[in-house]
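S.K.: What follows is a predicted protein model with its sequence.
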Amino acid sequence: MAATRRLLAAIGLLLAAAAGAGVLPEDRVDAMYHYYDGGGVQIDGPSILARKSLGQHFSVYGNYYVDTVSSASIDVLSTASPYEEERVETSGGVDYLHGDTLMSLALTRSDEDDYQAQTVNLGVAQEVFGGLTTISMGYGYGDDEVRRNGDPGFREEVKRQAYRLGISQILTRSFLASLNYELITDEGYLNNPYRSVRYRDPASGSGYSYQPEVYPRTRTSNAVALRGRYYLPWRAALHAGYRYFTDDWEIDAHTLELGYTQPLGGLEVDLQYRYYTQTAADFYSDLFPYRNAQNFLARDKELSSFQSHTLRLGLSYDFLRNGWTFLERGSINLIYDRIMFDYADFRDLRSSAPVGEEPLYAFDANVIQLFFSLWF
Amino acid sequence: MRCIVLLLLSLALGACSVEPWVKPYERERLADPIMSFDRDPVSSAYTHHVYEAREGARGASGSAGGGCGCN
């Protein structure tokens, strides 16, 4: 709470220093269809985002987003049955521009059969040094309710808080950089109520048995990211980014991104490569030596050590370059990502190898985004 | 935290006296949409969600998180 007070005090002082003119986000509508297919999981659905300014000082937005999930993932295949579910996320927010200061408030609600999350985010961004530098701060508070289908008595909570600091900086006529930091704390029921860990069990025919996973009830993470964009003389952009992540579950992660954007008439091509690697949480194991081997137990592949490579091809075409009636312009966009996951200590139990010697798991995912954007 | 706040304050209050070394009329390239860090928010929000649901790491994406509840 002391950190919150200091943050609020700093926001107040920054507001007091405000003067000049910033800009509100553009008025636009985006209609997207998204599709994910990988590791036995298919997720698709729409995302509609609309933003409109009200006068010279306010801009409001709303977003409606759906994930329709059909899952027969490797975790599900080993301990449960394939399932289908839907998650609906609605959010709305308002931005207020006062001189060089942009303040924002956003509310998000996410609903599933067995999970409900509500989040509020506050932010302030201040341009300084004649617009060369923009400093931003944010605070987020989330309140989640976790339930378990088929178990009406089960009800748990999670409280989440996020603190954000950012600086974006004009370095030269062609070079922009940004530095972002985020601290996130979670408190409550952080594991998945359906997931299990496995342990050696000579009494079982397969040589192992399952018990429910148990996570710590708190988690604190820190992430810092440095990004840059460089304008090339023939009208193209190079972009790069690096993020370091660390948390008190002993997960350390590095993310590296490189990209190139090339306009070709009305068409624009974006090529990207992303590399991600993380170490495992200290209570993760693919195979525990016996039942209740330690206080905390996880066999969630997202907490194991793994790496992934992503290749992206993005195409964007401007189809209303000279506007039409009240529309200023429009674009159609297609983005394809291929993500290749390689797990270092999560094994594929579908094979019949000796216990603990099954092949390591790996899978590729195809991710597609198709969206129309209209500016007005 | 205290050091960070002091640093930000000194940056903010010092802004009045600093001469920008890239003048507003020299920012034509930087204003090109291809130089935007978050050009299509509908797409970047989805991309962050895809990674957040499958990785242990989170945060510092440069935008406010959504609270996807994807554990």
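M.R.: Everything's here; your move. Numbers count the residues shown, from 1 in each chain, chains lettered A, B, ... in the order given.
S.K.: can you tell me the helix or strand for the residue lying closest to A:Gly45 once chain neighbours are set aside?
M.R.: Once flanking residues are discounted, A:Gly45 sits nearest to A:Val66: 3.6 Å by Cβ to Cβ, 6 or more residues apart in numbering or on different chains. Heads up, the C-betas are built off the backbone N, CA and C, glycines and all. A:Val66 is part of strand A:58-71 when elements are defined by DSSP states H and E.
S.K.: looking only at pLDDT, what's the mean for the next helix or strand after that strand?
M.R.: Next helix or strand after strand A:58-71 toward the C-terminus (DSSP H and E): helix A:74-79. Helix A:74-79 comes out with an average pLDDT of 75.
S.K.: So which bits of helix A:74-79 are buried?
M.R.: A:74-76 (16 or more other Cβ atoms under 10 Å in any protein chain shown).
S.K.: In CSV, list the residues you listed along with distance to chain B.
M.R.: Below are these laid out as CSV (distance: Cβ to the nearest Cβ, whole Å):
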residue, distance to chain B
A:Ile74, 13
A:Asp75, 12
A:Val76, 15
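S.K.: With distance to A:Ala365 added, can I get these in a markdown table?
M.R.: Output for these, formatted as a markdown table (distance: Cβ to Cβ, whole Å):
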| residue | distance to A:Ala365 |
| --- | --- |
| A:Ile74 | 13 |
| A:Asp75 | 15 |
| A:Val76 | 16 |
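S.K.: ok, these vs A:Leu334, which is closest?
M.R.: Lowest distance from A:Leu334 to the buried residues of helix A:74-79 (Cβ to Cβ) belongs to A:Ile74, with 29.3 Å.
S.K.: Where does pLDDT dip in the stretch 1-150 of chain A?
M.R.: Within the stretch 1-150 of chain A, the ranges that satisfy pLDDT under 70 run A:1-21.
S.K.: Next, the contact list for residue 29, please.
M.R.: You didn't say which chain, so I picked chain A. A:48-51, A:373-374, A:376 (Cβ atoms under 8 Å, 6 or more residues apart in numbering or on different chains).
S.K.: To clarify, I was referring to chain B.
M.R.: B:Arg29 sits in contact with A:173-174, A:231, B:35, where contact means Cβ under 8 Å, 6+ apart.
S.K.: Name the SS class of residue 31, please.
M.R.: Unless you meant another one, I'm taking chain A. Three-state assignment for A:Ala31 (DSSP: H, G, I helix; E, B strand; the rest coil): strand.
S.K.: look at chain B instead
M.R.: coil.
S.K.: What does the pLDDT read for it?
M.R.: For B:Ala31, the pLDDT comes out at 92.
S.K.: Show the contacting residues for A:Thr255.
M.R.: Contacts of A:Thr255 (Cβ under 8 Å, 6+ apart): A:225, A:241-243, A:245, A:274-276, B:57.
S.K.: typo on my end, A:Ala362
M.R.: Per Cβ under 8 Å, 6+ apart, neighbours of A:Ala362: A:340-343.
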